[in-house]
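> any chance you could fold what I've pasted below:
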Amino acid sequence: MASSELTANGLSSAAKTRCGACPLSAARPPEGAMHFSITEYPKEALGQMNALRGSGKFCDVVVRTGEASFACHRVVLASCSPYFRAMFCGNLKEADMGEVVLHGVHADVMATLVDFAYTAELSVSEANVCRLLPTSCMFQITHAVDACCTFLEQQLDPSNAIGISDFAQQHGCSQLHRKAKEYIDLNFTEVAKQEEFMHLGPCELMALIKRDELNVKCESQVYTAVRTWVHFDEKVRLHRLEHLLCAVRCHFLTPKFIRDQIDYCRFLRINPQCKDYLCRILSDLEQHKPCPDQKRYPQGAMVIYTTGGYLRQSLSNMECYHPQFNQWFQLADLPLPRSGLGMAIAEGLIFAVGGRNNSPDGNTDSPRVDCFDWLNNVWRECPPMSVARNRVGVGVLDNLLYVVGGSHGSSHHSSVERYNPIEETWTMVAPMAIKRIGVGVTVVNRLLYAVGGYDGKDRLRSTECYNPDKDEWRFVAPMNTMRSGCGVVAMDDYIYAVGGYDGAQQLSSVECYDTLKDRWKLVAPMNCPRSALSVAVTDNKLYAMGGYDGQNFLSSIEVYNPELDTWKDVTNMSCGRSGHASAVYLGVIFRT
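Modelled structure (predicted):
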């Protein structure tokens, strides 16, 4: 090669071409290179390796399990499993052995996992999963473990959830264990009827019923599950009852339920300590003492349901708001459009009560009650109230639905009636001292409070309190401000009266009632005046939604933090409205 063909960078372009170099190399810089990724190649390569295994070519190790043996390529097993990688690449004696014996591994499972190493395909079934998962865990074949866990998660059922939870925990499958526990929590009442539940040990049962996340309509379902567990092996388990009852949140039982247990439960006659314990609980409830137990909060997302309302005419909207994601979801429409209705949760169902259908064809006050099954997103009609009630107050006490006041045409009600969701019957109870429409109703320590409202002449400051044990109302401290159409809700031992109308203007002011001290005080006002709004409490925050500000129907939502005594705007409803109703409960679309 002549020296004239050398440059500072080596060969000249002509020399490179004559020497067989790519003729484009000088014209296209390296940064212009094209990158190719052949997605089919890994599968094709595995297929060729599997074919080589089938013909016995290049196999360099035999894995033996009992009477079965498998000729394999070390590199394939090592690339699939950290277990085999450590075996073949470390200083273990198996690194140089032509045959490796594995003890305690089923031949069919080994065949399945060897096939997976060569094909990336795995078949999981009820017949093999109980052997396949432990072996996959031992070999640290993550993809196989994940496949088994996914299969078991899909098999979760009340009859096997406890077993799957234990199985997952034994083998360190934390995500499957969490999913199984969530399933047990959400379906506790059905799980508690199964044989697996009856075979729980006392410590396991104690840990389960202590869980905050148990989804039960009433604490009586937990009590009944404990009683059934004891009955399954009464001779051995009866002495455990006293300790187990301490894990049941008995202060959330109704007095009637506790009296029935004291009067009729054979276990309590045999075990006087348990009877005395329930008698003390009953005394606390009848004296309306603050509840020492923490309320259960199911694992499923708590959402705010809202229905009905008025915007140029009565609405049939039913939707729910997820505070964590700040998102609304549309649900099945209310069967009859209404505004001025009430809403409450009883026996795990959502009730929409009374209201008025304002439509172009006329205005009709309604005695109607509809029940929303949130699991199936359907409504059904319930037995109606004795009278139509518009702008009614609704509260739940001892799992019974109380409807308070309201109006029918020009008639304003002081009457109160009570609905039993189990028996689907209505009963009249003692009336209030004052007629009230636009009344706010809530419950604290088994006492029902009726706050403010309108008696047909004046907006009211007064508050009445109903004692179900005596079937009587009494006045408590009045608010600082007259309010009708205010939002009323309880947080712990406090009652909040939010906004409303004082006869001259819509209010932004908010008052807080200390039920233990019988005293109202003003707290931070909302950012916007609102009457005929709805309120709800979740995650220790108070939500004020919609309403009327004197000129506009509002879609905005504000949230109150009682620790900071501050309000902030958070989101909007799908449309402005007033006279709607809200309640907080689980949301089926967020179940895990």
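
> where in this structure is pLDDT low?
Scanning the chain for pLDDT under 70 picks out the ranges 1-30, 300, 588-592.

> hmm, 80 instead?
1-32, 298-301, 587-592 (pLDDT under 80).

> that one - how does it break down into domains?
41-155, 203-286, 302-590 (automatic domain parsing).

> quick check: Glu218 touching Glu347?
Actually, residue 218 is Cys. It isn't Glu. Yes. In this structure, Cys218 is within contact of Glu347 by CB atoms under 8 Å, at 7.1 Å. For the C-beta atoms, the positions are set from N, CA and C on the backbone; glycine is no exception.

> for those two, list the residues in contact with both.
Common neighbours of Cys218 and Glu347 are listed as Asn399 (criterion: CB atoms under 8 Å, 6 or more residues apart in numbering).

> higher neighbour count, the two?
Cys218 (18 against 15; other CB atoms under 10 Å).

> which residues sit in contact with that one?
252-254, 347, 399.

> can you report phi and psi for it?
phi -150, psi 150 (degrees, to the nearest 10).

> ok, now the one 3 residues further on?
Backbone torsions for Gln221, taken as degrees, to the nearest 10, come to phi -70, psi -30.

> who's in contact with it?
188-189, 192.

> closest to Phe58 among the residues you listed?
Phe188 (56.0 Å; CB to CB).

> please name the bridge partners of the residue lying closest to Val105 once chain neighbours are set aside.
The spatial neighbour of Val105 that comes closest, neighbours along the chain excluded (CB to CB, 6 or more residues apart in numbering), is Thr65 at 4.6 Å. Legend: beta-bridge partners of Thr65 under DSSP bridges are Ala68.

> I'd assumed Thr112 was in contact with Thr65.
No. Between Thr65 and Thr112 there is no contact under CB under 8 Å: 11.6 Å.

> so Gly550, which of the three states?
coil (DSSP: H, G, I helix; E, B strand; the rest coil).

> tell me how many other residues crowd it.
10.

> so it touches Gln506, yeah?
Yes. Contact status for Gly550 versus Gln506: in contact at 4.6 Å, counting by CB under 8 Å.

> what sits in contact with each of the two?
In contact with both Gly550 and Gln506: Pro529, using CB under 8 Å, 6+ apart.

> quick one on the thing from earlier: most tightly packed of the domains of the chain?
domain 302-590 (a mean of 20; mean count of other CB atoms under 10 Å).

> how about Cys148, nearest residue that isn't a chain neighbour?
Leu133 (4.0 Å).

> swap that for Val226, please
Nearest one to Val226, counting by CB to CB, 6+ apart, is Leu244 at 4.9 Å.

> quick check: phi and psi at Cys149.
The phi/psi pair for Cys149 (degrees, to the nearest 10) is phi -70, psi -40.

> who are the neighbours in contact with it?
So Cys149 contacts 133, 168, 173, 175-176 (CB under 8 Å, 6+ apart).

> for Ala111, same thing?
Contacts of Ala111 (CB under 8 Å, 6+ apart): 68, 70.

> would it count as being in a helix?
Yes. Residue state for Ala111 (three-state DSSP) corresponds to a helix.

> quick one: Asp471 and Val429 touch, right?
Yes. Using CB under 8 Å, Asp471 is in contact with Val429, at 5.8 Å.

> residues in contact with the residue nearest to Cys148?
145, 148-149, 152, 167, 171, 173.

> show me the two of those that sit farthest apart.
The widest separation within the contacts of Leu133 (CB to CB) is 12.4 Å, between Val145 and Phe167.

> what's the separation between Pro421 and Ile350?
11 Å (CB to CB, to the nearest Å).

> give me the common contacts of the two.
Cys371.

> picking up where we left off before, for Lys295, which of the domains of the chain is the nearest?
Across the domains of the chain, closest to Lys295 is domain 203-286 (CB to CB), at 7.3 Å.

> start to end distance for the closest one?
32 Å (CA to CA, to the nearest Å).

> what about it, distance to the chain center?
Distance of domain 203-286 from the chain centroid (CA atoms, centre = their mean, to the nearest Å) equals 25 Å.

> also stretch 432-447?
29 Å.

> where does Ser159 land in three-state SS?
coil.

> ok, now which ones touch it?
Contacts of Ser159 (CB under 8 Å, 6+ apart): 194-196.

> and the domains of the chain as CSV, adding distance to Gln294?
Output for those, formatted as CSV (distance: least, CB to CB, whole Å):
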stretch, distance to Gln294
domain 41-155, 29
domain 203-286, 7
domain 302-590, 11
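
> who wins for proximity to Glu31 among the ones you listed?
domain 41-155 (25.2 Å).

> what is the end-to-end distance of stretch 478-491?
End to end - CA to CA - stretch 478-491 spans 19 Å.

> pretty sure Arg474 sits against Glu464.
Yes. Assessed by CB under 8 Å, Arg474 is found in contact with Glu464 at 6.9 Å.

> re earlier: and the residue nearest to Val105, what does it touch?
Thr65 sits in contact with 101-102, 105-107, 110, where contact means CB under 8 Å, 6+ apart.

> report the two of those residues separated the most.
Val101 and His106 (14.2 Å).

> wait, Gly579 sits on Gly308?
Yes. Contact status for Gly579 versus Gly308: in contact at 7.1 Å, counting by CB under 8 Å.

> between these two, what contacts are shared?
339, 341, 355.

> quick check, nearest of these to Arg266?
Distances from Arg266 to the shared contacts of Gly579 and Gly308, taken by CB to CB, are shortest for Leu341, at 45.0 Å.

> could you tell me the phi and psi values at the nearest residue to that closest one once chain neighbours are set aside?
Nearest residue to Leu341, sequence neighbours excluded (CB to CB, 6+ apart): Gly355, at 3.0 Å. The phi/psi pair for Gly355 (degrees, to the nearest 10) reads phi 100, psi -170.

> cool, thanks, talk later.
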